[in-house]
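Peer 1: Return a 3D structure for these sequence lines:
(6 chains, ligands or ions: 5)
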Amino acid sequence: MLEAEELACLKGDRLLFRGLAVRLEAGELLRVTGPNGYGKTSLLRILCGLAVPEHGAVRWRGVEVRRDRESFHRALMYSGHAAALNDLLTPLENLRFACAAAGDDPDEAACAEALGRIGLGGQIDLPARVLSQGQRRRVGLARLFLAARRPLWVLDEPFTALDVKAVADLTATLSAHCRAGGIVVLTTHQDAPFETPPRVLDLAGVAC
Amino acid sequence: MLEAEELACLKGDRLLFRGLAVRLEAGELLRVTGPNGYGKTSLLRILCGLAVPEHGAVRWRGVEVRRDRESFHRALMYSGHAAALNDLLTPLENLRFACAAAGDDPDEAACAEALGRIGLGGQIDLPARVLSQGQRRRVGLARLFLAARRPLWVLDEPFTALDVKAVADLTATLSAHCRAGGIVVLTTHQDAPFETPPRVLDLAGVAC
Amino acid sequence: MQWESWSAFWSMGGAAPFVWGSYAVTLLLVALELVLVLRRRRDTVRRLIRLRRVTAPDRDERRASKEMFE
Amino acid sequence: MLGPFFAVMRRDLLLAWRGRADVLVTLAFFVIVVCLFPFGVGAETNQLRAIAPGVLWVAALLSTLLSLHRLFAQDHADGTLEQLLLSPEPTALWVLAKIAAHWIVTGLPLVLVAPGLALLFDVGQGVLGVLTLSLALGSPILALLGAVGAALTLGLRGGGVLLALLVLPLFVPVLIFGAGAVDSELGGTGAAAHLLLLGGGLLGAIALAPFACAAALRIAME
Amino acid sequence: MLGPFFAVMRRDLLLAWRGRADVLVTLAFFVIVVCLFPFGVGAETNQLRAIAPGVLWVAALLSTLLSLHRLFAQDHADGTLEQLLLSPEPTALWVLAKIAAHWIVTGLPLVLVAPGLALLFDVGQGVLGVLTLSLALGSPILALLGAVGAALTLGLRGGGVLLALLVLPLFVPVLIFGAGAVDSELGGTGAAAHLLLLGGGLLGAIALAPFACAAALRIAME
Amino acid sequence: MKTANFDDRIKRSKSLLRFAAPQMFYPLAGTFAPWCLAVAAVLTVLGLWIGFFVAPTDAQQGDVYRVIFIHVPAAWMSMFIYLVMAFWAAVGLVLNTRLSFMMAQALAPTGAMFCFVALWTGALWGRPTWGTYWVWDARLTSQLLLLFLYLGYIALTQAIDDARRADRAGAIIALVGAVNVPIIYFSVQWWNTLHQGASVSLTRAPSMASAMLWGMLVMALAAWAYTFAVVFWRVRSLILERERHTEWVGAELAAHEGRA
Ligand code: HEM
Ligand SMILES: Nc1ncnc2c1ncn2[C@@H]1O[C@H](COP(=O)(O)OP(=O)(O)OP(=O)(O)O)[C@@H](O)[C@H]1O
Ligand SMILES: Nc1ncnc2c1ncn2[C@@H]1O[C@H](COP(=O)(O)OP(=O)(O)OP(=O)(O)O)[C@@H](O)[C@H]1O
Ligand SMILES: [Mg+2]
Ligand SMILES: [Mg+2]
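Peer 2: Numbers count the residues shown, from 1 in each chain, chains lettered A, B, ... in the order given. Ligands and ions are numbered 1, 2, ... in the order given. Presented below is the predicted three-dimensional model:
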């Protein structure tokens, strides 16, 4: 489904990696690891089409993503370092907007339910500005419950700032998505309690 | 050394905790735990004097901190959620400024060495803007090596975004600081490999 | 030749500040630009040479990367 | 297809409503700039009347400029822009929605209060209509052109003022035709030609600016 | 004791140097605003000459205003301000350092180019000195007063323009005396009284503004 | 191996397009630049000689008019360079050739310099002839706005330090500016004629003395040659910067090191 070939990433003067190839089939979960600054975030942004690689190409169902950006992005759900929350809007409003902007349009009840499931039932009406770090993160992750139809999830350090229980819940959600035939690519420095140990791509191995 | 009495924290119309008391002696390491949104960050900001508690008082060596802000702040080193980095300056410049602003004035060589120790030897001349998430975090933490003379360290989620090796290093540094008679207060959701399990203050216990 | 004397030439029929002001500033700017351009070239070369020395150990890798970019 | 268009529009209007103060202060800035002039140039009525259309137009232009950097900055900082760029729908579409919402919030109020301010400068009642119309046609052009500049300078140091440098030369023709419309109405030539040109400019800007803006945003996020 | 003062000063000047474009573009904004006026009000030399001091002063005021929100915003966003407030030295001291660095970077260049721009409006050479002096005394006052406003509006939604609303009324007296100095020099009354008042205002502002600013910052960070 | 093949392929290819490859253009520019500068120097001396010693004093203006020998070439160059710059920006965006963006960026400072020179000399000329340094005449005003367009382009490309982003963002603003240049020009023309009668305008002497014309033309040619020289040098630095990871730059630098 998702293939990357011969990827190279150059940042300023530094070649982070090159000749990186990866191929993911339905149901796979890939964990990208590597020490700080080895290019995990850079790789994920390239896979999403947010950044252009110095060399190489990314393919989705055999089509280069730059050729058919729209259908690739219809299949993708990305969550980056930044939470994509507006401080003035409530978690509910933020979530509805995030879905609508991505082209889905879930109704309010579905969004409220997703927020409840992720443990923000009590904060549904607060402006996002006053949320705690972990609560902000959760709003972004609530989209996962509404994006089940999107096969490809790309998550950059999703466990940051989450408490232990939330980490376990999220891990379960990710596993369920894979069992249902989805693909997950994630980075994390924490040890997440996956039932079956995920496939690992260690950037320390391909680094230049 | 550091005492807090009868602390209460009110946010909006939510009382996060009340009647919280804690007393730390030289050489102690306190880990504040609790699920997301239970008030860890709020507590730490109160302890530092950045926020005023709804009720109660914080004392440093027996003197209320509001009475003698300056000598309390001379003894304190705080690292919050935000990294306090300017994107245009290099890590070296950022670190030197952070120290100078806090009233210390280490020379350039000492700063460069601290950065080298924390694993940023190769990034010393890059603008902070291009650093990876973990590298940004490290610049802030490099101050720990230069703040050994300050007895009280208050760290809000210092392990976020750090890779496994950096977490281990940081843990060792904290333990060493305590052995030398310092005090450390930190929050984290991750399990850090402390040699001796730290004292724990669980906010889930005092939450309202 | 139109000028009776050098001093007549320099006074430009009374418009000396304007004429010579124009020419002087132009000359200055052109000279400045040339100096800046040449200095930039020198600095670039020096900087890149220094950079090459610093990264000398992985020069082989760089060569490999170049091949890859082709 | 229009999903993101309306989602962005609705959200931006909601945000403006939530941060009500914002709307009021762009307006307030306009009013204050206009009112500062008499302090600067002295209170002679004839002179003030002569410069009034120019002052109003320049003030409108400056207020637009001042509010422009907020068009994408917040969304850029909090990661929303990244998410929008990953939207499967065409980028130019939601960009247009953002610009439209921005104009409704910052441009429209100016158009509405301008006649009132013109009266303070003792401008003849006959030309108030032309003044309003010229602003109504011109200020969306300013917003559209400015959006391109805002996208280009996104996340750069000194963004706000760099933006000013980039777009002000582009604003000059709008200013000339806008202020010129009022003057030629006063001079008796009639403002039709100026207004037609402004209208044509508006159509051109609507057709081109969102695409330039979308390209600039993609470049900025690389 | 002066450690943080010089540290802050050095850093802010270094930052300005690093983002060199920034310095140039505040200046550019000033230049462009001044140059826009003729397009708005028409190119008649006499009229332009009459409004020139006012226009220059209003433009200086607007450029100052526009650059103000950058005074603390960046440090607030990245957490530096939090750290500075935890500094054991007096807050007013490093606040003064920040303001001084800001003026050197944004105010001083305006003072230096103003005479050149005055020539574009064909202002008599005799008053150029007074114009420059009035700006040299007035623009630091603007920076000091503006800093208090910037601190008060820190982190608020619509900060930039809310700031404008807060400080413009405070700026008006400065504008009146500043532009007035030039006018009375032209009118033959001599500018001494105006300039003395500006000088007095400057001393007062230096004495008081840093403390007000420090208090505002502590409140903003709570 | 592959690299060598690629280089060979470029060298063998007969088409002119091969010079679009930075490593081909780099030595070419290096060879031409000094020659261009020499030509510029010779032409300048010739032009100034014509201007100051052959051309007669003007009946109306006296000797002030001798500013024309830099004023007009500078004004021409400033306008022409902007067009060339926009052209390269467009080529870069369409064909995605790195060298085009570099050319655009190398041209901008020289264009801005000529623009400023035209303004400065015009202002100094205006003082004795019109009695003022500046009037808001259409032509002068559009020249001023052109300077702002240049400065905006330069400031933008300088503020972005990722080369790829700087190239493309700069190209967009150059093109938007180019679309606006005619609009600005005509609007300003209209504005001025609307507001102000033809009290002052650039009325030129009815029959320009032919020596004067020649002087102007020679100086214009000198400006051309100078522009070529400076732009070639600047683009060489840019190429080195951008291509620093490639092998041929490595070889080039090694050669430099050897010489030093
Ligand atoms: C700041 C002031 C001035 C500016 C910005 C300026 C700008 C220009 C420009 C852009 C051109 C070239 C336009 C074209 O070829 O169509 C030009 C040409 C010329 N200018 Fe100026 N000018 C200024 C002042 C003056 C003054 C004061 C005079 C003389 C009284 C003057 C005399 C001329 C002449 C004779 C030409 C050549 C016209 C031609 O070959 O068509 N300029 N100027
Ligand atoms: N202009 C530049 N010059 C040199 N190095 C650069 C430049 N820009 C970025 N880098 C380097 O590129 C790397 C970017 O890494 P990236 O953010 O992808 O890391 P990461 O693996 O996600 O790290 P983390 O675990 O800390 O999030 C960093 O090491 C950074 O220092
Ligand atoms: N105005 C308000 N009204 C109601 N609740 C509020 C208000 N402001 C803040 N809160 C709540 O106060 C809490 C602040 O928590 P704080 O940031 O201290 O949590 P934390 O323990 O650090 O969490 P985390 O682990 O996520 O960092 C959050 O639960 C937030 O929802
Ligand atoms: Mg990362
Ligand atoms: Mg917290």
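Peer 1: Quick one: residues contacting D:V23.
Peer 2: By C-beta atoms under 8 Å, 6 or more residues apart in numbering or on different chains, D:V23 lies in contact with D:16, D:105-106, D:109. Placement of C-beta: from N, CA and C, glycine included.
Peer 1: which one of those has the most neighbours?
Peer 2: Neighbour counts for the contacts of D:V23 (other C-beta atoms under 10 Å in any protein chain shown) peak at D:T106, which has 28 neighbours.
Peer 1: Per-residue confidence, it, what does it come out as?
Peer 2: pLDDT, D:T106: 90.
Peer 1: Doesn't it belong to a helix?
Peer 2: Yes: when DSSP: H, G, I helix; E, B strand; the rest coil is applied, D:T106 is found to be in a helix.
Peer 1: Give me the buried stretch members for the least confident helix or strand in chain D by mean pLDDT, please.
Peer 2: Least confident helix or strand, chain D: helix D:20-41 with a mean of 79, by mean pLDDT, DSSP states H and E. Buried residues in helix D:20-41, counted by 16 or more other C-beta atoms under 10 Å in any protein chain shown: D:21-23, D:25-34, D:36-41.
Peer 1: How about stretch C:25-42?
Peer 2: C:25-26, C:29-30, C:33, C:37, C:40-41.
Peer 1: does ligand 3 sit close to stretch A:137-147?
Peer 2: No: Stretch A:137-147 lies apart from ligand 3 when judged by C-beta under 6 Å from any ligand atom; the minimum separation is 7.6 Å.
Peer 1: List the contacts of that stretch.
Peer 2: Contact with stretch A:137-147 is made by A:77, A:79, A:83-85, A:91, A:94-95, A:98-99, A:102, A:104, A:106, A:110-111, A:113-115, A:117-120, A:128, A:131, A:153, A:158, A:160-162, A:166, A:170, A:173, A:177, B:36, as judged by C-beta under 8 Å, 6+ apart.
Peer 1: Let me know the secondary structure of D:P169.
Peer 2: Put simply, D:P169 is helix when judged by three-state DSSP.
Peer 1: could you list every residue that touches it?
Peer 2: Here D:P169 is in contact with E:32, F:145, F:148-149, F:152, F:177, F:180, F:184 (C-beta under 8 Å, 6+ apart).
Peer 1: got any ranges where chain C has weak pLDDT?
Peer 2: C:1, C:54-70 (pLDDT under 70).
Peer 1: change it to 90
Peer 2: C:1-19, C:43-44, C:46-70 (pLDDT under 90).
Peer 1: what does the stretch 1-150 of chain F give?
Peer 2: Along the stretch 1-150 of chain F, segments meeting pLDDT under 90 span F:1-25, F:51-66, F:68, F:95-98, F:125-145.
Peer 1: 50 - rerun?
Peer 2: F:1-11, F:13-15 (pLDDT under 50).
Peer 1: Remind me what the next helix or strand after the least confident helix or strand of chain D packs against, helices and strands.
Peer 2: With elements assigned by DSSP states H and E, the helix or strand that comes after helix D:20-41 is helix D:45-68. Applying 3 or more C-beta pairs under 8 Å, 6 or more residues apart in numbering or on different chains; DSSP states H and E, we find helix D:45-68 packed against helix D:20-41, helix D:108-120, helix D:128-152, helix D:159-187, helix E:20-41, helix E:45-68, helix E:159-187.
Peer 1: how about the very next helix or strand once past helix D:45-68, does it reach chain B?
Peer 2: Using DSSP H and E, the helix or strand that follows helix D:45-68 in sequence is helix D:70-77. No: applying C-beta under 8 Å from any C-beta of the partner chain, one finds helix D:70-77 separated from chain B by no less than 11.8 Å.
Peer 1: sorry, back to before: top of the contacts of D:P169 by neighbour count?
Peer 2: F:G152 (30 neighbours).
Peer 1: ok, now which ones touch it?
Peer 2: Shown in contact with F:G152 (C-beta under 8 Å, 6+ apart): D:162, D:165-166, D:169, F:173, F:177.
Peer 1: what's the answer for F:G215, then?
Peer 2: Listed by C-beta under 8 Å, 6+ apart, the contact set of F:G215 reads F:47-48, F:50-51, F:54-55, F:69.
Peer 1: and if you look at C:E33?
Peer 2: F:109-110, F:113, F:230.
Peer 1: Then D:G199?
Peer 2: The contact partners of D:G199, taken as C-beta under 8 Å, 6+ apart, are D:L137.
Peer 1: Please apply the same query to the one 10 residues further on.
Peer 2: Under the criterion of C-beta under 8 Å, 6+ apart, the neighbours of D:A209 are D:99, D:144-145, D:147-148.
Peer 1: F:A40: which of those residues is nearest?
Peer 2: Closest approach to F:A40 among the contacts of D:A209 (C-beta to C-beta): D:V148, at 37.4 Å.
Peer 1: Quick check, that closest one in contact with D:C213.
Peer 2: Yes: using C-beta atoms under 8 Å as the test, D:V148 is close enough to D:C213 to be in contact (5.0 Å).
Peer 1: Weed out the non-buried ones from the contacts of C:E33.
Peer 2: Buried by 16+ other C-beta under 10 Å: F:109-110, F:113, F:230, out of those.
Peer 1: so can I have CSV of those showing secondary structure and distance to F:G122?
Peer 2: Shown next, in CSV, are these (DSSP: H, G, I helix; E, B strand; the rest coil; distance: C-beta to C-beta, whole Å):
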residue, secondary structure, distance to F:G122
F:P109, helix, 20
F:T110, helix, 18
F:M113, helix, 15
F:V230, helix, 22
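Peer 1: got the residue ranges for the helices in chain F?
Peer 2: With DSSP state H applied, chain F shows helices at F:2-12, F:22-49, F:68-95, F:98-130, F:138-159, F:163-195, F:210-242, F:247-259, listed in chain order.
Peer 1: Turn those helices into CSV, columns for distance to ligand 1.
Peer 2: Converted to CSV, these look like this (distance: least, C-beta to the nearest ligand atom, whole Å):
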stretch, distance to ligand 1
helix F:2-12, 41
helix F:22-49, 15
helix F:68-95, 3
helix F:98-130, 2
helix F:138-159, 4
helix F:163-195, 10
helix F:210-242, 8
helix F:247-259, 40
